[in-house]
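Student: Fold the following for me, if possible:
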Amino acid sequence: MIVVGGGMVGAALAVLLGEAGVKVALVDARPALLDPEAVGRGRPARRVSALTPVSQRLLEGLGAWSWMAARRVSPYRYMQVWDAEGSGEVGFSADQAGLPVLGHIVENDVTLAALERRLVALPSVHLCLGARVEGLEDGTGERRVLLADGRRLSAPLVVAADGARSPLRDLAGIAVSERDTGHVGLVTTVRVAAPHGEVARQAFLPGGPLAFLPLAVDGDEQHCSIVWSTSPAEAERLAGLEREALGEALAAAIEHRLGQVTVLDEAVGFPLVQRHAERYTLPGFALVGDAAHGIHPLAGQGVNLGLMDAAVLAEELLAARQRGVMPGDERVLARYARRRRGDNAGMLALMDGFRLLFGARHPALSLARNLGMSGVDRLVPLKRMLLQQATGQRGRLPASCR
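Tutor: All right, here's what the predicted structure looks like:
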């Protein structure tokens, strides 16, 4: 089979299949793999993900987690969420979820480098780097991918893992519903005066949510990754501030809960657009990860949903292989789509509801938010249900994630 897109989700899918001896061509436009000696060292990268315990189990099974942990993963055992316009606040702990941690903040390059180390050790996986896809054709019982250098790759199944603006999805003619959230996500890395205590903090500000995600750097607890979702104009203003002024704005925005904030890296913004493909599969073709769905980062679920796509698709393909069924069979792919599209749609709707609720300025809604958060903080069963959602412990998990 052919997987187009060698990011975290595409790489995880290729490892899952390659470990079972399935022949996989992994196509990516990047000219080379990451240098494993260069990642997870020095200052943390700006782009990070909050990996759930379910994603951790998947990566452990793939032989990637131990290498990641030896580089840099940052556990968080607590979460604090509050409404900056009121008194509502709710706290979550790993103990309430019956887990050792709620998750880990991990630089994306660390996760990808660990998966790439596994890829190069699998003889059934062929890497096609520096390759750009220009066409997609139907054949007899197969799909053909046309590369810019003139090569043609054929397989019974082609999987698009090529990101939110997936060219392959467009070539396949799959429509996508898209809505601009009106927010830009501003990311950077900071050092804080007070130890973060392995607490992930999120404040719902009038302009949008601000997250301080804990990082463990050289054993200290005084680094955080920042994700500030706000209006394009405000994001541009913040990105244009001197680092000292941006640090002061960040400290004030979370009510100085971590003391002085020192900005360590350039603040970079990216538009936050919610997307969902109208279908995940066609005969001989499937979407995974951001090519299938894009979600607001306020709950950090994006890459976790994508890794679950990869795990479920691999499980269905390997089960079909045991039955002697071709991987591009519509019935096989329909089972994958049924298992993933509803779960992803539910999470997208939940996050959009949170975004709209906390973005509303009406006084009655503000009061309802604060009363609701205070009520949730007192209701342990409800908190456990929310924690199951946040930690990925929901629905029918594939065997690779249990």
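Student: so what does the one helix or strand Leu210 maps to touch, helix or strand wise?
Tutor: Assignment of secondary structure by DSSP states H and E places Leu210 within strand 208-217. When contacts are defined as 3 or more Cβ pairs under 8 Å, 6 or more residues apart in numbering; DSSP states H and E, strand 208-217 sits against strand 48-51, strand 74-76, strand 103-107, strand 176-192, strand 199-205, strand 220-230, helix 330-359. Where you see a C-beta, it was placed from the backbone N, CA and C, and this is true even at glycine.
Student: Run the chain-centre distance for the fifth one.
Tutor: Think strand 199-205. Distance of strand 199-205 from the chain centroid (Cα atoms, centre = their mean, to the nearest Å) equals 18 Å.
Student: can you give me the angle that strand makes with strand 103-107?
Tutor: Here strand 199-205 runs at an angle of 80 degrees relative to strand 103-107 (axes from the mean of the first three to the mean of the last three Cα atoms, to 10 degrees).
Student: what's the nearest residue to Ala29 once chain neighbours are set aside in contact with, if anything?
Tutor: In this structure, Ala29 finds its nearest non-sequential neighbour in Arg132, 5.0 Å apart by Cβ to Cβ, 6 or more residues apart in numbering. Shown in contact with Arg132 (Cβ atoms under 8 Å, 6 or more residues apart in numbering): 29, 147-148.
Student: ok, of the residues you listed, which one's closest to Gln222?
Tutor: The shortest approach to Gln222 among the contacts of Arg132 belongs to Ala29, at 37.2 Å (Cβ to Cβ).
Student: That closest one is in contact with Glu134, isn't it?
Tutor: No: using Cβ atoms under 8 Å, Ala29 makes no contact with Glu134, being 11.3 Å away.
Student: which of those two has more neighbours?
Tutor: Ala29 (16 against 13; other Cβ atoms under 10 Å).
Student: what secondary structure does Leu99 sit in?
Tutor: Secondary structure, DSSP: H, G, I helix; E, B strand; the rest coil: Leu99 is coil.
Student: For Ser166, give me its contacts.
Tutor: Listed by Cβ under 8 Å, 6+ apart, the contact set of Ser166 reads 5, 160, 287, 290-291.
Student: at 6 Å instead, please
Tutor: For Ser166, the contact set (Cβ atoms under 6 Å, 6 or more residues apart in numbering) comprises 160, 291.
Student: Repeat that for Val332.
Tutor: Val332 sits next to 316, 320, 325 when contact means Cβ under 6 Å, 6+ apart.
Student: Please name the nearest non-neighbouring residue to Ile135.
Tutor: Ile isn't right for residue 135; it's Gly. Distance criterion Cβ to Cβ, 6+ apart; nearest residue to Gly135, sequence neighbours excluded, is Leu146 at 3.4 Å.
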